[in-house]
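In: Quick one, what's the 3D model for this:
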Amino acid sequence: MQRILVVDDEIEVLKIIDEFLTQSGFKVEVAQDAETALEIFENKVPDLMILDMRMPGMGGEGLLREFALKKIDIPIIILTGCARIDGCPEYIKKANLKILVKPIDLSILLGMVNEGLEGWK
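Out: So this is what the prediction gives:
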């Protein structure tokens, strides 16, 4: 079973995505902050991550910076209110990611999860 890590500081968003992806046949882990997500990665790297960019603490950008330093390369779906990445640091532009603009359409999210797990066809 493929493992997906969902990182978002909004509990309701975590619950909705967790339930939906679990019902879709995935093993889902959740983290409310980037620091917890890093701890999960130290135990076992998931197959894909869904990441909110704006969170307290390290936030999504800090987590992506850590991944670049540690050379972690998994598919990542970024949840954001803005679809533009120009002006972002180079490590974000080079990351193995796609952007999903909020509000989240769960059918689009599922399609992106499947694409990411298949190598972004």
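In: centroid residue for this protein?
Out: Residue closest to the average C-alpha location in the chain (Cα atoms, centre = their mean): I50, at 2.0 Å.
In: Confirm that that residue sits in a strand.
Out: Yes. Counting by DSSP: H, G, I helix; E, B strand; the rest coil, I50 falls inside a strand.
In: dump the residue contacts of it.
Out: Shown in contact with I50 (Cβ atoms under 8 Å, 6 or more residues apart in numbering): I4, L5, V6, V7, D8, I17, I76, I77, L79, L109, V113. All C-beta spots, glycine's among them, are computed from the backbone N, C-alpha and C.
In: Likewise for E35?
Out: Going by Cβ under 8 Å, 6+ apart, E35 touches G57, M58.
In: Mind checking what secondary structure it has?
Out: What three-state DSSP gives for E35 is helix.
In: What separation is there between it and F67?
Out: Distance, E35 to F67, using Cβ to Cβ, to the nearest Å: 14 Å.
In: what residues do those two have in common as contacts?
Out: By Cβ under 8 Å, 6+ apart, no residue touches both E35 and F67.
In: show me where this protein has helices.
Out: 11-23, 34-43, 59-70, 90-93, 106-117 (DSSP state H).
In: Quick one: mean pLDDT for stretch 65-81?
Out: The pLDDT scores in stretch 65-81 average 86.
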